[in-house]
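Engineer: Build the 3D model from these lines:
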Amino acid sequence: MTSIIYRAIFRLKKFLKGLLTFTYQTRLLENVKKGEVPKHLGVIVDGNRRHAKRLGLPVTEGHKIGTETLHRFLDWCDELKIPVVTLWLFSTQNYSRSEEEVKTLMKLILEEVERMVNDSEMQAKEIRVKVIGRKELLPDEVRQGLEKLEMGTENRTGRLIQLAISYGGREEIVDAVKGYLEECERNGVSLTEARAGFSEIELSKNLYNATVLDPDFVIRTSGEIRLSGFLLWQSAYSEFYFLDANWPAFRKIDFLRAIRSFQQRSRRFGK
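Structural biologist: Below you'll find the model as predicted:
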C-alpha cells in the first residue's frame, strides 16, 4: 500500500511540474510575440556528442537525436516568423573526426536534404534554403543533393534557412579575398589597382551569401562561450547568447528565454 501511495505522489508531482512548465512557457511565448524578434538568427548547433556520452550512447546517436531537435527548432522559428535562420551543422574542422562519425553526419545531412526537397509544408510556406561553405569538400552525393535543394527553392519568396555545412569563418574570408582577386583578374585589373580598390564593401560582396543581412542574434548551445569561427565577418555587431544545454536537450522554453534576452537588449553597433 505504501509503495502505491509513493507512486501516486510521484505521478502527481510530475503532473504538476509539467502543468507549471506548460503554463509558464505559454505566457512566455505570448510575451515574446509582442516584442521584436531577430531578423537573422544564427545558431551554433553544439553538444550532440556530449549529450550522447552523458547518456552512455555512441556519439553517432547524439547526432541522430540532435536532428529531431533541429526539426522542432525550425518550427519554433516559424512560429515567431523569424525571416532568416542560419544553422552551423558541420565545420571544416569536423572532417578530422572519426570516419564513422563523419559518415553518419553525411548520411544524416543527406536524409535531411531529401526530406526538405519533398516537404510539402516548406513548399506551401515558400521556404528557401541556401547552403554556405566549401561544398567542393563534401562527398559527391551530398553535394549534389544540396545543390538540388538550393535550385529547387531558389525562386521561393518566404523565409530563408541557411545551412552552414563544410563551413569555417576564416575559410569564408579567405575565399572572399580570392573571389575579389579573381574578379579583378577577369576584368584586367592590375595588382596595384586591385590593392587600392580593396575595401570592406568589396570583401562583403564576395562572402558566400552576400545578399543576406548580417545576423543580429547568435545562439550557441553546450556551454562553450566562443564563436569558433561562425560568421566571423558578419557577426561583428551581433548579440550573443550562450547556454549550458547541449543541442539535443535544447527546449522550446530555452529558445523563448533566449529571444526574450535579445528583446531586452539595446543594440548600439559600437556607438
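
Engineer: Return the residues in contact with residue 264.
Structural biologist: If you count contacts by Cβ atoms under 8 Å, 6 or more residues apart in numbering, residue 264 has none. (Glycine included, C-beta is placed from N, CA and C.)

Engineer: again with residue 253
Structural biologist: Listed by Cβ under 8 Å, 6+ apart, the contact partners of residue 253 are 21, 24, 25, 28.

Engineer: so how many other residues sit close to the first one?
Structural biologist: So that's residue 21. Using other Cβ atoms under 10 Å, residue 21 has 12 neighbouring residues.

Engineer: Where does the prediction get shaky in the stretch 51-200 of the chain?
Structural biologist: By pLDDT under 70, the stretch 51-200 of the chain has no low-scoring segment.

Engineer: can you give me the helices for this structure?
Structural biologist: Assigned by DSSP state H, the helices in the chain fall at 2-34, 48-54, 59-79, 99-117, 120-124, 140-153, 169-186, 191-197, 200-205, 252-263.

Engineer: Residue 209 and residue 56: what is the separation?
Structural biologist: Applying Cβ to Cβ, to the nearest Å, the value for residue 209 to residue 56 is 40 Å.

Engineer: So for these two, which residue has more residues nearby?
Structural biologist: The neighbour comparison of residue 209 against residue 56 (other Cβ under 10 Å) goes to residue 209, with 15 against 7.

Engineer: Settle this for me: the more buried one is touching residue 162, isn't it.
Structural biologist: Yes - assessed by Cβ atoms under 8 Å, residue 209 is found in contact with residue 162 at 6.6 Å.

Engineer: any common contacting residues for the two?
Structural biologist: Residues touching both residue 209 and residue 162 (Cβ under 8 Å, 6+ apart) are 130, 132.

Engineer: ok so, going back, between the helices of the chain, which one is closest to residue 134.
Structural biologist: For the helices of the chain, proximity to residue 134 was assessed by Cβ to Cβ; helix 169-186 is nearest, at 6.1 Å.

Engineer: circling back to that earlier point, what subset of the contacts of residue 253 is buried?
Structural biologist: By neighbour count, with 16 or more other Cβ atoms under 10 Å, the contacts of residue 253 hold 25, 28 as buried.

Engineer: what's the farthest-apart pair in the contacts of residue 253?
Structural biologist: Once Cβ to Cβ is applied, those give 21 and 28 as the farthest pair, at 10.3 Å.

Engineer: Quickly list what residue 165 is bridged to.
Structural biologist: residue 90 (DSSP bridges).

Engineer: For it, which residues are in contact?
Structural biologist: Contact partners of residue 165, counting by Cβ under 8 Å, 6+ apart, are 89, 90, 109, 131, 132, 133, 135, 138, 146.

Engineer: quick check, nearest of these to residue 120?
Structural biologist: residue 146 (20.0 Å).

Engineer: What's the separation between the residue nearest to the closest one when sequence neighbours are not counted and residue 165?
Structural biologist: Of all residues not flanking residue 146 in the chain, residue 131 sits nearest, at 4.8 Å (Cβ to Cβ, 6 or more residues apart in numbering). Computed as Cβ to Cβ, the residue 131 to residue 165 distance reads 6 Å.
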